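Asks: using only what follows, build the 3D model:
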Amino acid sequence: MKNYRKTLAVLLAVIAVSCLTAAVVLIVRQVRDTIQTSKNTEEMRPSADSAMGTDNSDSPSEAETAESPEPSSEEKEQPPSPTPEPTPEPVVNPYSDSFLANEDMAGWLQIPDTAIDYPIMWTPEDEEYYLRRGFDGSRNSNGCLILDTDSCLDPLTTNLIIHGHNMKSGAMFGTLMDYEEEAYCQAHKTISLYTKECQRNYEVIAVFYSQVFKKTDQVFKFYKFFQADTAEEFNDFYDNIKALSLYDTGVTAEFGDHFITLSTCAYHVDNGRFVVVAKEVESGDTYLPIQN
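Replies: Now for the predicted structure:
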């Protein structure tokens, strides 16, 4: 009996040490992956600043600073002509280097003044390819932000669904659940999406908890809505997200509008999801074609 107890104690000790070692290894890997993700992302961001260049349009030219002749009396009497609205000129894409570095990159998602500032990957042939891979394709537990296979930027679908891991480190969509608080949402209501062609700006319209349901469940499934060809299809999605929303964001929508949906894991139920939906409110710069 004593030998049995001694053997059992040794066995339990070995199991405990093994579990502890595995936990430490897992934590070390996650920390390493998060550092690598942060490093890689930071290396991509400077191109966004440098590509913008320096705008000296407000600096007076030599002709402007030269002494101008005194206008004649007839010129003084003429009413000033209305100034035509300037046509915005296409600019260099701030993330052109990143698009060239990996053809799987569909865009760049940025929520100002938050940690969410990452490339979005799109691999229709294998939606989960970047689930546990970094931007460069190497193994990384943080994965990447992933554009749902059934979403499309060209032609643009009514709804773009972006998935991201809810990392404890705060990486990827690890801070998305901060939108549970209405005050946080009001302070961070703007979301920007940079594509190859242009910048798209959104405002948060709904924030809610949901889950991935069984195929046979006859319920609203936010993750199944991509395109609204009729007002009925649009209103079904719109009415449901408004009804589910934790609070009223003050933003409304109508048939013809476009959405971006950010989804991450939540743990209130099995296969839970925390969801932030935003409506496109305006377009930003239009970009010149990216040159290799």
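
Asks: does G272 touch Y209 like I think?
Replies: Yes: between G272 and Y209 there is a contact under Cβ atoms under 8 Å: 6.6 Å. All C-beta spots, glycine's among them, are computed from the backbone N, C-alpha and C.

Asks: shared neighbours, these two?
Replies: Listed as contacting both G272 and Y209 by Cβ atoms under 8 Å, 6 or more residues apart in numbering are A266.

Asks: with K224 as the reference, measure out to the closest residue to L153 other than its chain neighbours.
Replies: Residue nearest to L153 in three dimensions, not counting chain neighbours: T195, with 5.5 Å by Cβ to Cβ, 6 or more residues apart in numbering. T195 is 23 Å from K224, where distance means Cβ to Cβ, to the nearest Å.

Asks: so which of those two has more stuff around it?
Replies: T195 (20 against 11; other Cβ atoms under 10 Å).

Asks: and the more buried one, what does it touch?
Replies: By Cβ under 8 Å, 6+ apart, the neighbours of T195 are 106-107, 153.

Asks: do the same with L109
Replies: L109 makes contact with 116-120, 145, 162, 191-194, 262, according to Cβ under 8 Å, 6+ apart.

Asks: tell me if it really is in a strand.
Replies: Yes: in this structure, L109 lies within a strand as judged by DSSP: H, G, I helix; E, B strand; the rest coil.

Asks: that one and K279, how far apart?
Replies: Taken as Cβ to Cβ, the span from L109 to K279 is 16 Å.

Asks: filter the contacts of L109 down to the ones in strands?
Replies: Applying DSSP state E to those, the entries found in strands are 117-120, 145, 162, 191-194, 262.

Asks: ok, these vs E203, which is closest?
Replies: Here the nearest of the ones in strands among the contacts of L109 to E203, counting by Cβ to Cβ, is I191; it sits at 7.6 Å.

Asks: the residue nearest the centre of the chain pairs with what?
Replies: The chain has L109 as the residue nearest its centroid, 3.1 Å off, counting by Cα atoms, centre = their mean. For L109, the beta-bridge assignment (DSSP bridges) gives partners Y118, L193.

Asks: number of residues surrounding S169?
Replies: S169, neighbours per other Cβ under 10 Å, totals 18.

Asks: that one and N140, how far apart?
Replies: Separation of S169 from N140 (Cβ to Cβ) stands at 12 Å.

Asks: return the distance of whichever strand or helix holds F99 from the chain's centre.
Replies: Assigning secondary structure by DSSP states H and E places F99 in helix 96-101. Taking Cα atoms, centre = their mean, to the nearest Å, one finds helix 96-101 lying 17 Å from the centre of the chain it belongs to.

Asks: which elements pack onto that helix?
Replies: If contacts are counted by 3 or more Cβ pairs under 8 Å, 6 or more residues apart in numbering; DSSP states H and E, helix 96-101 sits against helix 2-44, helix 46-50, strand 105-110.

Asks: can you flag the weakest of the ones you listed by average pLDDT?
Replies: In terms of mean pLDDT, the lowest-scoring of the helices and strands packed on helix 96-101 is helix 46-50 (a mean of 46).

Asks: contact partners for L156?
Replies: By Cβ under 8 Å, 6+ apart, L156 lies in contact with H258.

Asks: lowest-pLDDT helix or strand in this structure?
Replies: The weakest-scoring helix or strand in the chain, judged by mean pLDDT, DSSP states H and E, is helix 62-65 (a mean of 43).

Asks: tell me which helix or strand the closest residue to K221 other than its chain neighbours sits in.
Replies: Spatial nearest neighbour of K221, excluding adjacent residues (Cβ to Cβ, 6+ apart): F213 at 5.8 Å. Assigned by DSSP H and E, F213 falls within no helix or strand.

Asks: let me see the contact set for F213.
Replies: Contacts for F213 (Cβ under 8 Å, 6+ apart) come out as 219, 221, 271.
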